[in-house]
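**Student:** Got a sequence here, can you build the structure:
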Amino acid sequence: MNDYELRVQSLGLSPQMEVMTFLMEGLNTSDKKSQVTFLDVRNEQEVQESKLEMNKEGISCHYIPCTVDDCEGLKQQASDLFPDINAPLILFCRSGRRAASAKKCLVDLGYTKVCNAGGLTDLNQMIEKCSAK
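**Tutor:** I've put the predicted structure just below:
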């Protein structure tokens with residue numbers, strides 16, 4: 001079992017196949033515009049150190065810092081930033097723990113297609129795999 005699979009069990013990450021499906025459906029559209037939105041819940045310092053590696057027009061990546069115990073900012077901004085509760089959202093942080101809390105918050109608010117992709121490194125690797133296909 002690899003590290004990601006262990007974190008699926010221990011931190012509540014979405015299975016890689018689910019994340020990859022969201023990515024493939026969202027990034028491989030004929031109109032060259034992404035149909036998936038990314039949510040980065042890392043802290044400001046982490047965001048300054050590394051970013052999501054996307055070369056796709058129309059990529060929507062929002063930044064709302066969350067902690068394991070506090071997603072209040074997300075609760076307050078979710079309906080404005082993500083008006084369609086059925087649109088795919090891919091969340092990430094450093095390891096997946098904060099993204100798990102953010103996912104629970106969004107699901108509790110009624111969002112239906114929310115994936116916890118784990119850490120930024122995990123997500124960038126999955127994007128690279130999707131881009132190679």
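**Student:** Quick one: neighbours of E44, just the number.
**Tutor:** The criterion is other CB atoms under 10 Å. On that basis, E44 has 9 neighbouring residues. Yep, even glycine has a C-beta here, placed from its N, CA and C like the rest.
**Student:** give me every residue that touches it.
**Tutor:** Going by CB atoms under 8 Å, 6 or more residues apart in numbering, E44 touches P65.
**Student:** Give me the phi and psi for it.
**Tutor:** Dihedral pair for E44: phi -60, psi -40, per degrees, to the nearest 10.
**Student:** for Y63, same thing?
**Tutor:** Torsion angles at Y63 (phi, psi; degrees, to the nearest 10) stand at phi -120, psi 120.
**Student:** Beta-bridge partners for it, please?
**Tutor:** Taking DSSP bridges as the rule, Y63 bridges to D40.
**Student:** Verify the stated contact: it with N43.
**Tutor:** No - using CB atoms under 8 Å, Y63 is not in contact with N43; the gap is 9.8 Å.
**Student:** shared neighbours of the two, anything?
**Tutor:** Here Y63 and N43 share no contacting residue, scored by CB under 8 Å, 6+ apart.
**Student:** where does the residue nearest to the spatial centre of the chain fall, helix, sheet strand or coil?
**Tutor:** Centroid-nearest residue in the chain: L91, 1.9 Å away (criterion: CA atoms, centre = their mean). Classification of L91 using DSSP: H, G, I helix; E, B strand; the rest coil returns strand.
**Student:** Start and end of stretch 97-117, how far apart?
**Tutor:** 10 Å (CA to CA, to the nearest Å).
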